[in-house]
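Enquirer: Fold the following and give me the result.
(chains A and B)
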Amino acid sequence: MALTKEQIAQRIARELRDGFYVNLGIGIPTLVANYIPPGMNVVLQSENGLLGMGPFPLEHEVDPDIINAGKQTITTLPGSSFFDSAMSFGMIRSQRIDLTVLGAMEVSEEGDIANWKIPGKMVKGMGGAMDLVASAKNIVVAMMQTNPKGESKLLPRCTLPLTGKRCIRKVVTELGYYEIKDGAFHLIEIAPGVTVDEVKAKTAGKLVISDSLREMQL
Amino acid sequence: MNKTVPNADEAVKDIPDNATIMLGGFGLCGIPENCIAALIRKGVKGLTCISNNAGVDDFGIGLMLKTRQVKKMISSYVGENAEFERQLLSGELEVELIPQGTLATRCMMAGYGIPAFYTPAGVGTEVAEGKEVRVFNGKEYLLEHAFEADFAIVKAWKGDKAGNLIYRGTARNFNPLMAMAGKITIAEVEILVEVGELDPNEIHTPGIFVNRIFQGEKYEKRIEQRTVRKA
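Expert: Numbering: from 1, shown residues only, chains lettered A, B, ... in the order given. I've put the predicted structure just below:
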């Protein structure tokens, strides 16, 4: 069975280490926060100006002055701090963020990523994504392997305007965990119950099945 | 030192048509609600607005889009606004989309008196078109310039009559950067106090950067994505 979005997040959570500062994008990446192992100290950065993001508030705790980058109401934790947007991107550019998780519309076998614009159709803007992919040292893309039309999002080249070039090394989809190197998607882990043929059918870019391919553990 | 003006209408009264203005806020958090309402009452046209977002259809900068007062938006993210997207796709509204960190730093550099800087965001994308690329330590960077804005309009939590400002929570965002960046800076605050009542240790924006200050009224502080957990 292909993974659910929750399970994609669960797999990515296995990349977390004690003491990590982590930036989670909108969508599937946000769900990663639900799978931080108990006892592990992970600090979530929200690029609108909060380090140490807590859970969503209880009804009586809602504060319009405390939101995350997805504009959701949020809480702080003991040790949290607020700062301005320039300082926030200083944390990102100077590589203080240990893990960045973001969504994508397309990823290429060279590690290019597109996730901000569909010309003539959808123009929302890049937000902080271009800053993140240009500077982050450890990025995981979390996405479904095909678009709503059923077309592969793992491509030889991106067809949409790029967010960043040669910056993505790891991708987790509902079918597997891939590392991008030497111009190919290397399938390292396959989701339980998914066949290599299915992965091949849904990967348009160059695919290499790792010699040490294993079933994904959640 | 007394920089107070009576209200939002007085604060924005000399903003002319075709001015370039910065507006603080992230989403609807920390936006200068009172000044936006005053700009709509005044009916000033042809504005270039530098702001991370463009509000939503019926709040924030979205209200100024409806009244067609904005000629150009300079932002990083403009989702959640159908009217914006309509005007953009039909070509009625000019839009420059900028990576969020670049947007913040272009504000900051204006306030710090530094005309330009290099940043890696956007290398190899359409953001890089026409920009100087320079390599430092083997990595490519784009030359980006400090903004020039006629007015900066910011929202703070507390301020004193000398213009010293304190922000609250994530409503800080772009506000302190823009406060330093406008040729004329207008600050609206929830709580305006006498000089001497704020602790100098806690001031985020020193009053030297602020030209006009007033206490806003009836803050709605609308929440875009009210999200709660169950007890």
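Enquirer: quick check: longest strand of chain A.
Expert: strand A:207-215 (DSSP state E).
Enquirer: which helices and strands sit right next to that strand?
Expert: strand A:184-190, helix A:196-201 (3 or more Cβ pairs under 8 Å, 6 or more residues apart in numbering or on different chains; DSSP states H and E). To be clear about C-beta, it is placed using only N, CA and C from the backbone, and glycine gets the same treatment.
Enquirer: out of the ones you listed, deepest packed?
Expert: Across these, averaging neighbours per residue (mean count of other Cβ atoms under 10 Å in any protein chain shown) puts strand A:184-190 on top, at a mean of 19.
Enquirer: Check the offset of that strand from the chain's centre.
Expert: Remark: strand A:184-190 is offset 17 Å from the chain centroid, using Cα atoms, centre = their mean, to the nearest Å.
Enquirer: Sheet partners, orientation included, of that strand?
Expert: The pairing partners recorded for strand A:184-190 under DSSP bridges are strand A:176-181 (antiparallel), strand A:207-215 (parallel).
Enquirer: what mean pLDDT does the longest strand of chain A have?
Expert: Average pLDDT, strand A:207-215: 97.
Enquirer: can you pull the buried residues of that strand?
Expert: A:207-208 (16 or more other Cβ atoms under 10 Å in any protein chain shown).
Enquirer: now do stretch B:187-207
Expert: For stretch B:187-207, by 16+ other Cβ under 10 Å, it's B:187-190, B:192, B:198, B:203-205, B:207.
Enquirer: Name the residues linked to the residue nearest to A:A136 when sequence neighbours are not counted by a beta bridge.
Expert: Excluding the flanking residues, the one nearest A:A136 by Cβ to Cβ, 6 or more residues apart in numbering or on different chains is A:T100, at 4.0 Å. A:T100 has these beta-bridge partners by DSSP bridges: A:N23, A:I139.
Enquirer: To what extent is A:T100 buried, counted in neighbours?
Expert: 24 (other Cβ atoms under 10 Å in any protein chain shown).
Enquirer: contacting residues for B:K66?
Expert: Going by Cβ atoms under 8 Å, 6 or more residues apart in numbering or on different chains, B:K66 touches B:57-58, B:83.
Enquirer: Kindly recompute the last result at 10 Å.
Expert: The contact partners of B:K66, by Cβ atoms under 10 Å, 6 or more residues apart in numbering or on different chains, come to B:40, B:55, B:57-58, B:83-84, B:87.
Enquirer: Can you flag which of those belong to helices?
Expert: Among the contacts of B:K66, the residues falling in helices (DSSP state H) are B:40, B:83-84, B:87.
Enquirer: quick revisit: among the buried residues of stretch B:187-207, which are in reach of chain A?
Expert: Restricting the buried residues of stretch B:187-207 to those within reach of chain A (Cβ under 10 Å from any Cβ of the partner chain) leaves B:190, B:204-205.
Enquirer: Mind picking out the helix or strand in chain A with the poorest mean pLDDT?
Expert: Least confident helix or strand, chain A: strand A:122-123 with a mean of 74, by mean pLDDT, DSSP states H and E.
Enquirer: avg pLDDT for the helix or strand following that one?
Expert: Next along the chain after strand A:122-123, taking DSSP states H and E as the criterion, comes helix A:129-135. Here helix A:129-135 scores 97 as its mean pLDDT.
Enquirer: what about the helices in chain B?
Expert: Secondary structure of chain B (DSSP H): helices at B:8-11, B:33-42, B:61-66, B:82-89, B:100-112, B:175-179.
Enquirer: does chain A sit close to the fourth one?
Expert: Yes: Helix B:82-89 reaches chain A (Cβ under 10 Å from any Cβ) through B:84-85, B:88-89.
Enquirer: Which of those are buried, as a PyMOL select command?
Expert: Command for PyMOL that selects the buried part of the residues of helix B:82-89 next to chain A, burial taken from 16+ other Cβ under 10 Å:
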select buried, chain B and resi 84+85+88
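Enquirer: Take the residues of helix B:82-89 next to chain A and write them to JSON lines, including pLDDT.
Expert: Listed next are the residues of helix B:82-89 next to chain A as JSON lines, based on pLDDT from 0 to 100:
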{"residue": "B:F84", "pLDDT": "85"}
{"residue": "B:E85", "pLDDT": "82"}
{"residue": "B:L88", "pLDDT": "84"}
{"residue": "B:L89", "pLDDT": "82"}
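Enquirer: Make CSV from the residues of helix B:82-89 next to chain A and add distance to B:F174 to it.
Expert: Shown next, in CSV, are those (distance: Cβ to Cβ, whole Å):
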residue, distance to B:F174
B:F84, 18
B:E85, 22
B:L88, 21
B:L89, 26
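Enquirer: just the residues of helix B:82-89 next to chain A now: which is nearest A:A69?
Expert: Ranked by distance to A:A69 (Cβ to Cβ), the residues of helix B:82-89 next to chain A are led by B:F84 at 18.9 Å.
Enquirer: What confidence value was assigned to the residue of chain A most remote from its centre?
Expert: Going by Cα atoms, centre = their mean, the residue of chain A most distant from its centre is A:H60, 31.1 Å out. pLDDT recorded at A:H60 is 96.
Enquirer: Let me see the ranges of the helices in chain A.
Expert: A:5-13, A:28-31, A:85-93, A:129-135, A:196-201.
Enquirer: Give me the contact list for the last one.
Expert: Put plainly, it is helix A:196-201. Under the contact criterion Cβ under 10 Å, 6+ apart, helix A:196-201 has outside partners A:2, A:145-146, A:152, A:154, A:173, A:175-176, A:178, A:185, A:187, A:190-191, A:195, A:207, A:209, A:213.
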